[in-house]
Structure formats: structure tokens, C-alpha cells
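**Student:** need a 3D model of the following:
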Amino acid sequence: MYLIGLTGGIASGKSTVAKRLASWGAVGIDADQLAREVVEPGTPGLAAIAAEFGDTILLADGTLNRPALGAIIFSDASRRERLNAITHPAVRRLTRDRVAAASAVDPHAIVVYDVPLLAEAIAGGLVTFDLIVVVHADAVTRIKRMVDLRGLTREEAAHRISAQASDADRLALADVVIDNNGTVEATLAQVDALWTRVRADEARTVAESDGTRTPWSARRG
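**Tutor:** Predicted coordinates:
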């Protein structure tokens, strides 16, 4: 299995890149989707969140009121850390399960793990990536996207950016950077070129090492 870590700041365009890679045949694992699964009604995760933040973060049907919770955690770092302490262990367990399942189905699958908190995944030894891809767009572009497409105020958008890792921190991890400041077509062209490169690397690595591979980040020199 060839595992790509895909990350980028909020509204950077990670989803666009992930969908394009999936259209080429990559197996996608979305950390945000896993985070939603661990707080579905009836889960220990949702019960713990309600106990921590109060029943006001629940809707009438018992589901999580995401806008209400977001308003709390994006303005208070300590509350955000409490939420992460509840959800991250469950997400890590699901991630390991999904990666193992993908490998069991196809030992030579190309798997894309779309994860906002990539540095934490690496530091925690969650998985070992063969390639780290960072989707990058500047803050001005991302704020405009959140205002235009998500209905946030500029202040809300800026708060969400500041609550995440810095661009410099993300870019320091990158083996490959996808520049998403331009047109969708320009971004997709970069993704297509990346896929061609990954497929060639996968084939070469399997042939040379009989399935044992060294991450690109250790081979680039």
C-alpha cells in the first residue's frame, strides 16, 4: 500500500484535490468524515461532548449543533483542546481500522488520508506516510472563499484560520505542494501530474523492494 497524507488549511481546496485523486482510483479516507462518525447520536463521543459543553450544543433531534460548537471552540483554545481530547482518540482508532481495511482489500492500493491535523498524526505515530501533499492557498483567498461560499463573516473566517497550524508549519512538512491560488483547471493539472508521478513511483518501488518502501521525504535528496 502507498499512503499519501493530504493536508491544507481551511478553505485551501483539499476536497477538490482529494476528489480528483479518487477519480483516478485512489482510496480516500477523510479525517473530517471520521470525526463526524465518532459524534453521531448514541456514540460515547457525543455523550462526552454534551457533558463537557452542555446540552445547548445538541439539536432537537439529538444530533450535534456544529455551528454552536464551532462558535465556542474557534474562539477559545482551551475549549478546543478539550474537544480534541474527546474526539481525537476515537478518530485515531477509526483511521487505523480504515487504513488496514484498504490494505487488506488491495496491498498495492494508493490511499489518500485527507487530514487537517497532519503534524499531530505524524507526531502521534498514527500512520507512516509515503508522501505528504500540502494544498496551499493564501489567507486572503481562503477568507474570501469562506465568506462567499460558507456565509461566514471575515472575522469568523480569520478566527478559523488562526486556530489552525500556520502555513509555514504545514509547508515545512510537504513533499509536494499543490498551489490552489489560481483556477480550478490549474489546480487539477497539478493533481493529474502528481498522480502520474505517484503511479510511476509505486510501480518502481514495488518492483525494486518487493513491497517494502521508503517514504519520498527520505528519498528526495
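**Student:** going forward, measure contacts and count neighbours with C-alpha atoms only.
**Tutor:** Will do.
**Student:** so Ile132 sits in a helix?
**Tutor:** No: in this structure, Ile132 is strand, not part of a helix, as judged by DSSP: H, G, I helix; E, B strand; the rest coil.
**Student:** residue contacts, it?
**Tutor:** Counting by C-alpha atoms under 8 Å, 6 or more residues apart in numbering, Ile132 touches 4-7, 173-176, 217.
**Student:** try Leu188
**Tutor:** 17, 20.
**Student:** ramachandran angles for the residue nearest the centre of the chain?
**Tutor:** Centroid-nearest residue in the chain: Val115, 1.6 Å away (criterion: C-alpha atoms, centre = their mean). Main-chain dihedrals, Val115, degrees, to the nearest 10: phi -140, psi 120.
**Student:** return the distance of it relative to Val39.
**Tutor:** 17 Å (C-alpha to C-alpha, to the nearest Å).
**Student:** try Asp201
**Tutor:** 38 Å.
**Student:** same question, Asn180
**Tutor:** 31 Å.
**Student:** more neighbours: which of these two?
**Tutor:** Asn180 (24 against 20; other C-alpha atoms under 10 Å).
**Student:** pretty sure the more buried one contacts Val135?
**Tutor:** Yes: if you go by C-alpha atoms under 8 Å, Asn180 and Val135 touch, sitting 6.6 Å apart.
**Student:** got any residues that touch both of these two?
**Tutor:** With C-alpha under 8 Å, 6+ apart, Asn180 and Val135 have common neighbours 12-13.
**Student:** show the backbone phi and psi for the residue nearest to Asp30 when sequence neighbours are not counted.
**Tutor:** Spatial nearest neighbour of Asp30, chain neighbours left out: Asp114 (4.9 Å); criterion: C-alpha to C-alpha, 6 or more residues apart in numbering. The phi and psi torsions at Asp114 (degrees, to the nearest 10) take the values phi -90, psi 110.
**Student:** got the confidence number for Asp114?
**Tutor:** Per-residue confidence (pLDDT) for Asp114: 94.
**Student:** what are the bridge partners for it, then?
**Tutor:** Asp114 has these beta-bridge partners by DSSP bridges: Leu6, Asp30.
**Student:** do you know how far it is from Ala165?
**Tutor:** 15 Å.
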